[in-house]
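S.K.: A structural model of the following input is requested.
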Amino acid sequence: MAGSQIERAFSLLESLTSEPRGLPMQTLAEQLDIPKSATHRMLAELMRLGYVRQNPENSRYLLSTKLVGMGFRYLAQSGADIVQPILDQLAAQTGELVRLGIIDGERQVWIAKAQGARSGLRYDPDMGREAPLFYSASGHAWLASLSDAQALLLVERQGVGRREDFGPNAPASNAQLLERLRMARELGYAWVVESSALGTSALAAVVRHPQDGHVVGVLSVAGPTARLNEARLHELAPALLAAAAELSAASPASELFA
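M.R.: As a prediction, this is how the structure comes out:
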């Protein structure tokens with residue numbers, strides 16, 4: 001792997017974020033494509049700084065809670081207190097999982113959520129994930145705010161992924177994706193049933209900056225298809241759109257959308 005030392009260090013940290021049980025040094029060296037000696041020095045420095053720790057039982061390297069703590073402190077100072085009540089209210093109205101994704105360059109990243117389901121099935125993916133653009137409601141909502149050419153370019157850059165990673169109703173081609181974006185533009189929101197995964201459904205709408213209208217985020221509601229069939233999704237759309245409008249109005253007061 002080419003790149004500077006700081007690029008390698010961040011790549012190492014990113015590798016560890018997806019492995020809560022940790023990774024051996026050999027695996028990290030292979031992923032970074034650098035010698036084990038260089039990987040060992042980098043891990044030692046990250047341990048000294050408190051970002052990485054080593055499990056004494058199996059010698060695997062894991063992330064410490066330092067980065068998590070930094071993330072929470074950032075959110076606490078960046079307007080999350082303005083955003084969260086809106087998410088909580090929509091979750092209470094719908095009884096499902098509500099997620100907020102922010103637009104970060106060419107990525108949409110889920111950074112906040114509220115869980116409305118108090119019993120039964122819960123659909124609750126991890127925060128910090130990049131929203132899949134090709135087959136998720138959140139991805140479709142954002143892509144629908146762009147031209148078809150821009151949308152396809154973003155999908156190409158992110159990649160579609162493996163067919164087994166998404167549901168049976170995911171778009172089978174770019175033409176099918178563009179048709180879904182057309183419907184999302186007409187309705188003002190995107191919706192999917194068993195597209196992201198088998199047995200799950202979602203709808204999503206964009207959050208726009210109130211001054212110039214550019215998209216700063218995406219608000220979504222997701223849950224089991226057993227509760228969120230197509231009819232139910234459309235019933236929830238007015239509440240979703242009202243919450244998205246409220247977030248749009250509040251966005252200038254939150255650094256989350258900066």
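
S.K.: quick one: contacts for residue 7?
M.R.: With contact set as CB atoms under 8 Å, 6 or more residues apart in numbering, residue 7 has no partners. All C-beta spots, glycine's among them, are computed from the backbone N, C-alpha and C.

S.K.: Can I take it that it is in a strand?
M.R.: No: Residue 7: not assigned to a strand; according to DSSP: H, G, I helix; E, B strand; the rest coil it is helix.

S.K.: Distance check, it against residue 43.
M.R.: 16 Å (CB to CB, to the nearest Å).

S.K.: Next: residue 256.
M.R.: Taking CB to CB, one finds residue 256 at 32 Å from residue 43.

S.K.: How about residue 230?
M.R.: Using CB to CB, residue 230 is found at 49 Å from residue 43.

S.K.: just residue 232 next, same as before
M.R.: 49 Å.

S.K.: With residue 61 instead?
M.R.: 6 Å.

S.K.: what's the overlap in contacts for these two?
M.R.: 25, 28, 52, 54.

S.K.: ok, back up a step: residue 230 and residue 43 - which one has more neighbours?
M.R.: For residue 230 versus residue 43, neighbours defined as other CB atoms under 10 Å are more numerous around residue 43 (20 against 13).

S.K.: Could you say which helix or strand holds the more buried one?
M.R.: helix 36-49 (DSSP states H and E).

S.K.: Tell me how far whichever helix or strand comes after that helix lies from the chain's centre.
M.R.: With elements assigned by DSSP H and E, the helix or strand that comes after helix 36-49 is strand 52-54. Distance, stretch centre to chain centre, for strand 52-54: 26 Å (CA atoms, centre = their mean, to the nearest Å).

S.K.: Before I go, just wanted to say thanks for your time.
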